[in-house]
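Student: Just the structure for this:
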Amino acid sequence: MALNKSTLSEQIYQILRSDILHQRIPLGEKLTLKNLQAQFEVSSTPIREALTRLTEDGLVRYYSNIGVNVIELSKQDLTELYQFMGDLDRLAILYSGNSPEHEQICKILEDNISHTLELEEKAQQAPLSKEETEKWINYSDHFHLIFYDYCANSRLTLAAEKLRSQLTIFSNLYETQAEPQHNIGQMHKQIFEAYKNGEITKAGDLMKQHLEDSLQYALSCL
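Tutor: Numbering: from 1, shown residues only. Sure thing, here's the model as predicted:
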């Protein structure tokens, strides 16, 4: 696989990250420099740089005298991950509730929900295509990120970014299914309605509950 030499590390990172998030490279898989060099037809330097970034994302781990492996997550790991992300997402809602751009935030949220409901209605007529499913997942993920965009707290945003990649591995699995899509869409709508009405604490509590519900879908994917 020949790549543009000017952006080797970035391209390799993006390819490997996507493959892990969509489980084309499964949890626990060992990644060797030799195999990756053969796959991408490059020296070890850009491979090492890409693996370093994936380690920072929490998607791979380096084990002394063993090498690099894609992470593995136990039931306890998932429980802690979803509980903590629920706390972070709730804080993002509470912090963004102080933003003077409340109307703009609500408009962005409303547009987001409109897109997901449109795709859900289409799915009732016929199964969504792969591209449509990916769009739905992107809209669903972006719903959460909107609150971080306006929370005015870079440390909160950074903490969430560090963990969100691990959560995405599992949401990419269960969010392709009709029942989770419907339930997630309905919960997003409830969160939005509370937020729009100025019930910021209620919206935050609903978000926390939403992540607890999503945990059950994630656990079913183990």
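
Student: Could you measure from the residue positioned nearest the centre of the chain over to E161?
Tutor: In the chain, the centroid-proximal residue (Cα atoms, centre = their mean) is T168; its distance is 3.4 Å. Using Cβ to Cβ, to the nearest Å, T168 is found at 11 Å from E161. Placement of C-beta: from N, CA and C, glycine included.

Student: Next: E80.
Tutor: Separation of E80 from E161 (Cβ to Cβ): 17 Å.

Student: and what of G198?
Tutor: 28 Å.

Student: ok, now A152?
Tutor: From A152 over to E161 the distance is 16 Å, taken as Cβ to Cβ.

Student: Those two: which has the busier surroundings?
Tutor: Per other Cβ atoms under 10 Å, whichever of A152 and E161 has more neighbours is E161, with 15 against 12.

Student: C-alpha coordinates for stretch 36-48, CSV please?
Tutor: What follows is stretch 36-48, C-alpha atoms only, in CSV (Å, rounded to 0.1, in the frame of the first residue of the first chain):
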residue,chain,number,x,y,z
LEU,A,36,2.8,-3.1,9.3
GLN,A,37,5.9,-2.2,7.3
ALA,A,38,5.0,-4.8,4.7
GLN,A,39,1.4,-3.6,4.6
PHE,A,40,2.2,0.1,4.1
GLU,A,41,5.5,-0.4,2.3
VAL,A,42,7.4,2.1,4.6
SER,A,43,10.2,2.2,7.1
SER,A,44,9.6,1.7,10.9
THR,A,45,9.7,5.5,11.7
PRO,A,46,6.2,6.5,10.5
ILE,A,47,4.8,3.2,11.9
ARG,A,48,6.2,4.0,15.3
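
Student: mind checking how far that stretch is from the chain centre?
Tutor: Distance, stretch centre to chain centre, for stretch 36-48: 27 Å (Cα atoms, centre = their mean, to the nearest Å).

Student: Can you point out the buried residues in that stretch?
Tutor: L36, F40, V42, P46, I47 (16 or more other Cβ atoms under 10 Å).

Student: Pipe those into CSV and attach pLDDT and distance to A178 per row.
Tutor: Below are these laid out as CSV (pLDDT from 0 to 100; distance: Cβ to Cβ, whole Å):
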residue, pLDDT, distance to A178
L36, 95, 37
F40, 94, 37
V42, 92, 41
P46, 93, 41
I47, 94, 39
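
Student: would you turn the residues you listed into TSV with secondary structure?
Tutor: Shown next, in TSV, are those (DSSP: H, G, I helix; E, B strand; the rest coil):
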residue	secondary structure
L36	helix
F40	helix
V42	coil
P46	helix
I47	helix
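
Student: Now do the strands in this protein.
Tutor: Under the criterion DSSP state E, strands of the chain are mapped to 30-31, 60-63, 67-70.

Student: any idea which of the ones you listed is most buried?
Tutor: strand 67-70 (a mean of 17; mean count of other Cβ atoms under 10 Å).

Student: Mind checking the pLDDT average for it?
Tutor: For strand 67-70, the mean pLDDT works out to 92.

Student: any idea which helix or strand of the protein has the worst average confidence?
Tutor: In the chain, the helix or strand scored least confidently by mean pLDDT, DSSP states H and E is strand 60-63, which has a mean of 90.

Student: what lines up beside it in the sheet?
Tutor: Paired strands of strand 60-63, with direction, are strand 67-70 (antiparallel) (DSSP bridges).
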